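Chemist: Quick one, structure for this:
(4 chains)
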Number of protein chains: 2
Amino acid sequence: MTELVTGPRWLDEDEARAWRGYRRMRTLLDLQIARDLAHDSGLSTADYDVLSSVSESAGHTLRLGDLAAQMLWSKSRLSHHVSRMEQRGLVARQEYPSDGRGAVLTLTDAGWQAIRDAAPPHVESVRRHFLDQLSAEETRVLGDLTERVLTHLRTVQ
Amino acid sequence: MTELVTGPRWLDEDEARAWRGYRRMRTLLDLQIARDLAHDSGLSTADYDVLSSVSESAGHTLRLGDLAAQMLWSKSRLSHHVSRMEQRGLVARQEYPSDGRGAVLTLTDAGWQAIRDAAPPHVESVRRHFLDQLSAEETRVLGDLTERVLTHLRTVQ
DNA sequence: TACATGTTGTTGACATGTCAACAGACGCTA
DNA sequence: TAGCGTCTGTTGACATGTCAACAACATGTA
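Modeler: Here you go, the predicted structure:
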């Protein structure tokens, strides 16, 4: 009997393997890297991303909205998270001179110290658990493929 | 001046591209797929994974601990989540005959209906946003690479 | 049997993320 | 300069995840 309505195209073996592998890797890899980071530096990956983004920005200062956009976070999420980091003394909010609505983020001395201490072991962790497991060719393919998927996702909606 | 202490090996261009791409893709891809699933079926990806795991298991029944292990979730997380799904009438807990501590999960009729309705559009979504963006070769490479990283991660700790 | 130890799943406190409503500042237009 | 929609960031209520403590049961050993 022929199908009159086109059903979904189910996944073939390679596709299922890639999808399953991606999802399991995502879970375990992120967990392991977060564990290493917490153990080595007492930071969460969210903390690390905020600190490194601000430290690498021009003027070592970022508007909250720009940071949120760069990290693909909602403003609300960033606002909450920054409040927590502020309480721990890692970052500080400052007024944005030319726009009374805005606020910029800067690192405190403790924040600078934290990111400087955290970066080397974090990079080692990313290498050990991920990049060092890939051949040069696989690394390139992964870079290509993620870029293409991201380009596609930007066209959606 | 030569470095006396070996610093971290920083990432070269391809490595940075792969790592950055992976992280951005993970964020946006998961978000998009979750959005589609919520829109099409009113389920979260967590709901979907629970329902599909139980529906595909032998006997259509799973012990909570086994399900947690398979999903790479903590027992606590699963217990909380199952309680919420139970309240929505999607699953039911039942006693495990041969071990008084244990409990098994089954799908209610509504749960079966939900996973049957949700699966086709979800597979389409995964295809459209992810698998269809990859060449056959890239799909194979991704399968290989995730498998290797997972094998490595299992050896850690 | 009785005890010690391990296993299973639940619970409550807390950390984190989401969503919608909001206040204040901006800037265009009349 | 007044009005009006837009933009920026914050807030509070709520959903979800983590962690440690726990109760109940199972199992091994004397």
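
Chemist: And the helices in chain A?
Modeler: A:13-41, A:45-56, A:64-71, A:75-87, A:109-129, A:136-155 (DSSP state H).

Chemist: In JSON lines, list those along with mean neighbour count and distance to DNA strand C.
Modeler: For every residue, glycine as well, the C-beta is placed using N, CA and C. Shown next, in JSON lines, are those (neighbours: other C-beta atoms under 10 Å in any protein chain shown; distance: least, C-beta to the nearest atom of the strand, whole Å):
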{"stretch": "helix A:13-41", "mean neighbour count": "17", "distance to DNA strand C": "9"}
{"stretch": "helix A:45-56", "mean neighbour count": "18", "distance to DNA strand C": "5"}
{"stretch": "helix A:64-71", "mean neighbour count": "16", "distance to DNA strand C": "10"}
{"stretch": "helix A:75-87", "mean neighbour count": "15", "distance to DNA strand C": "3"}
{"stretch": "helix A:109-129", "mean neighbour count": "17", "distance to DNA strand C": "14"}
{"stretch": "helix A:136-155", "mean neighbour count": "17", "distance to DNA strand C": "16"}
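
Chemist: Reformat those helices as JSON lines; add mean pLDDT.
Modeler: Shown next, in JSON lines, are these (pLDDT from 0 to 100):
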{"stretch": "helix A:13-41", "mean pLDDT": "97"}
{"stretch": "helix A:45-56", "mean pLDDT": "98"}
{"stretch": "helix A:64-71", "mean pLDDT": "97"}
{"stretch": "helix A:75-87", "mean pLDDT": "98"}
{"stretch": "helix A:109-129", "mean pLDDT": "97"}
{"stretch": "helix A:136-155", "mean pLDDT": "97"}
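
Chemist: For B:Pro97, find the nearest of those.
Modeler: helix A:13-41 (31.3 Å; C-beta to C-beta).

Chemist: distance between the closest one and the chain's centre?
Modeler: Its chain's average C-alpha position is 13 Å from that of helix A:13-41, according to C-alpha atoms, centre = their mean, to the nearest Å.

Chemist: got it, and stretch A:118-136?
Modeler: 15 Å.

Chemist: if we look at that stretch, which residues are touching it?
Modeler: Applying C-beta atoms under 8 Å, 6 or more residues apart in numbering or on different chains, the contact partners of stretch A:118-136 are A:29, A:32-33, A:36-37, A:40-41, A:43, A:48, A:51-52, A:139, A:142, B:7-11, B:14-15, B:18-19, B:22, B:145, B:148-149, B:152-153, B:156.

Chemist: Swap in 6 Å and give it another go.
Modeler: A:32-33, A:36-37, A:40-41, A:43, B:8, B:15, B:145, B:148-149, B:152 (C-beta atoms under 6 Å, 6 or more residues apart in numbering or on different chains).

Chemist: Could you do stretch A:45-65 as well?
Modeler: So stretch A:45-65 is in contact with A:34, A:67, A:71, A:78, A:81, A:102-107, A:111, A:115, going by C-beta under 6 Å, 6+ apart.

Chemist: if we look at DNA strand D, which of those are close to it?
Modeler: Restricting these to those near DNA strand D by C-beta under 7 Å from any atom of the strand leaves A:Leu78, A:Gly102, A:Ala103, A:Val104.
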